[in-house]
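Peer 1: Turn this into a model:
(one chain, ligands or ions: 1)
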Amino acid sequence: MDKLIVEGGHTLAGPLPVSGSKNTALPLMAAALLADGVSTLSRIPDLRDVKTFANVLRISGAAVRFDEARNEMTVDASGVNYPEAPYELVKKMRASFYMLGALLGRCGRARVSLPGGCAWGPRPVDLHLKGMEAFGADIRLEHGYVVAEAKDGRLDGGVFRMDPSSVGATINLLLASATARGPSRIENAAREPDVATFGEMLRKMGASIEGLGTDTIEVEGVDALSPVHFYNASDRIELGTFMIAAAMAGEPGRAVRLTDAAPEHLGPAFVDAFTETGAGYRPGNDYVEVTAPDELQPVSIETAVYPGFPTDLQAQWTVLLTQARGNARVRDTVYYDRFKHIPELHRMGANAIVVQNEVFVAGGKPLQGATVMSTDLRAGVSLVLAGMVAEGETHVLRVYHLDRGYEDLDGKLARAGVAIRRVQYDEFANPSGNEPPEE
Ligand code: UD1
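Peer 2: Next comes the predicted model:
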């Protein structure tokens with residue numbers, strides 16, 4: 001396995017390029033399945049999740065080619081004839097559940113494994129299933145699989161209201177309804193830029209969709225969609241992560257440039273909180289300049305669906321708060337149990353307490369380098385950020401979590417001035433040679 005070794009105290013000078021969005025790339029790939037022909041997707045990040053999903057697409061009969069060096073993918077969906085997504089792949093990545101909508105839309109039926117648990121607590125898919133039913137699918141559960149069938153091979157469309165608003169369910173319902181027989185409406189739909197960009201691809205393919213980026217999306221089903229060439233958006237969560245890194249580890253008063261960025265996708269809640277810390281924020285067309293302040297101010301946040309503060313940035317924000325002078329709070333209202341990074345940050349000396357869905361952080365105490373374990377994607381990157389400002393060396397184990405969602409993270413940070421390197425290790429090695437203590 002790989003680990004990252006970060007030596008704290010080196011200045012992040014920049015520039016840092018932002019890659020294509022992971023959470024947009026996956027639904028774009030699913031959309032390509034809806035058209036009989038070859039779609040080309042540009043700016044697809046070279047990530048483990050993208051490769052896993054490419055394999056899910058291949059099982060259905062699509063021919064997928066990924067030119068990692070050029071970040072370009074072609075999906076030839078002419079041969080899609082096997083409407084199934086197996087447990088072995090769905091368990092690796094929950095977004096494989098997009099196959100439910102994509103296969104229903106393309107083949108009129110689907111057999112997709114239920115995703116199961118997740119490192120950050122329960123993540124149900126009830127809205128996906130109820131929405132498909134509302135749009136005319138017959139749904140049953142068989143041996144851990146969802147089997148969905150459209151009467152006469154094509155969904156009717158319908159009206160579905162989500163509570164809570166869900167990114168994944170909105171995407172799945174758009175995939176399913178674009179080629180339905182009649183009109184559909186999704187109420188309390190997700191407004192996330194990832195959903196809007198994906199919807200734009202469907203429109204380019206010939207789908208009739210109104211209301212993208214609002215909470216009511218209307219779809220008029222069409223008979224068929226055409227293959228397209230589409231450019232993925234820049235990753236807003238990677239941009240937010242790099243902004244936090246620059247505010248903590250940049251040289252005070254000197255701007256760090258983040259390139260290939262889409263600052264308009266950050267949302268006002270994150271930008272407001274960020275500027276309240278005292279960090280300088282100067283957005284351009286496709287870049288952002290961040291200037292670290294002399295002293296970070298503690299700013300409490302509460303996550304919410306877009307345009308609220310993203311849950312995917314709360315772990316990184318918690319690390320920023322350890323560097324601020326004073327106390328602040330992070331509350332996650334989207335996922336109540338997403339705090340696996342806190343015990344690891346304790347090992348680095350952080351003063352943070354979890355109470356239900358909140359973390360209280362007393363900042364201003366220097367962090368110390370330690371060996372810590374990455375448990376999921378965003379928790380993992382938060383530990384790398386902590387390592388950048390800690391005294392001494394931090395070893396972040398289980399880097400495969402990071403490789404799921406950050407393209408060449410260590411390479412990018414190293415080129416921007418951070419002392420970080422990747423080494424292989426044996427997780428089960430026993431360095432002392434002694435027997436482990438008995439339980
Ligand atoms: C997506 C993102 C993930 C991000 C999350 C919230 C991808 C691949 N992943 O995940 O990085 O953290 O949005 O911004 O894009 N819910 C239900 N029933 C359902 C579905 C969801 O109750 O059927 C609840 C969830 O438990 C959660 C909330 O809805 O509390 C939002 O989840 P959702 O937007 O669906 O997240 P994902 O699409 O899984």
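Peer 1: which parts of the stretch 151-300 of the chain sit against the ligand?
Peer 2: Contact residues (C-beta under 6 Å from any ligand atom) of the stretch 151-300 of the chain with the ligand: 164, 166-169, 190, 194. C-beta here means a position set from N, CA and C on the backbone, and glycine is covered the same way.
Peer 1: Neighbours of the closest residue to the ligand within the chain, how many?
Peer 2: The nearest approach of the chain to the ligand comes at Gly168, 2.8 Å away (C-beta to the nearest ligand atom). Residues within reach of Gly168, counting by other C-beta atoms under 10 Å, total 23.
Peer 1: List the contacts of it.
Peer 2: Shown in contact with Gly168 (C-beta atoms under 8 Å, 6 or more residues apart in numbering): 94-95, 97-98, 125, 128.
Peer 1: out of the residues you listed, which touch the ligand?
Peer 2: 94-95, 125, 128.
Peer 1: Closest one of these to Phe428?
Peer 2: When the ones next to the ligand among the contacts of Gly168 are ranked by distance to Phe428 (C-beta to C-beta), Arg94 comes first, at 27.4 Å.
Peer 1: nearest spatial neighbour of that closest one, skipping sequence neighbours?
Peer 2: For Arg94, ignoring the flanking residues on the chain, the nearest one in space by C-beta to C-beta, 6 or more residues apart in numbering is Pro115 at 4.4 Å.
Peer 1: what pLDDT does the one you found get?
Peer 2: Note on Pro115: pLDDT of 87.
Peer 1: dump the residue contacts of it.
Peer 2: By C-beta under 8 Å, 6+ apart, Pro115 lies in contact with 90-91, 94, 96-97, 123, 125.
Peer 1: outside of the host helix or strand of Gln316, which residues touch it?
Peer 2: Using DSSP states H and E, Gln316 maps to helix 314-322. Contact with helix 314-322 is made by 240-241, 244-245, 247-248, 273, 277, 296, 298-299, 301, 303, 309, 328, 330, 332, 338, 341-342, 345, 350-352, 359, 361, 363, 365, 367, 378-379, 381-383, 385-386, 389, as judged by C-beta under 8 Å, 6+ apart.
Peer 1: Can I get whichever strand or helix holds His128 in CSV, CA atoms only?
Peer 2: Element membership for His128 (DSSP H and E) is helix 126-134. C-alpha atoms of helix 126-134 as CSV (Å, rounded to 0.1, in the frame of the first residue of the first chain):
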residue,chain,number,x,y,z
ASP,A,126,-34.9,5.2,-0.8
LEU,A,127,-35.4,8.4,-2.7
HIS,A,128,-33.9,6.9,-5.9
LEU,A,129,-36.3,3.9,-5.6
LYS,A,130,-39.4,5.9,-4.8
GLY,A,131,-38.6,8.3,-7.6
MET,A,132,-38.3,5.6,-10.1
GLU,A,133,-41.6,4.1,-9.0
ALA,A,134,-43.2,7.5,-9.4
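Peer 1: what comes up buried for it?
Peer 2: Neighbour counts over helix 126-134 (16 or more other C-beta atoms under 10 Å) mark 127-129, 131-132, 134 as buried.
Peer 1: residues in contact with the closest residue to Gly199 other than its chain neighbours?
Peer 2: Excluding its sequence neighbours, the residue lying closest to Gly199 (C-beta to C-beta, 6+ apart) is Leu212, at 4.1 Å. Residues counted as contacts of Leu212 (C-beta under 8 Å, 6+ apart) are 195-196, 199-200, 203.
Peer 1: Since that was my last question, I'll sign off now.
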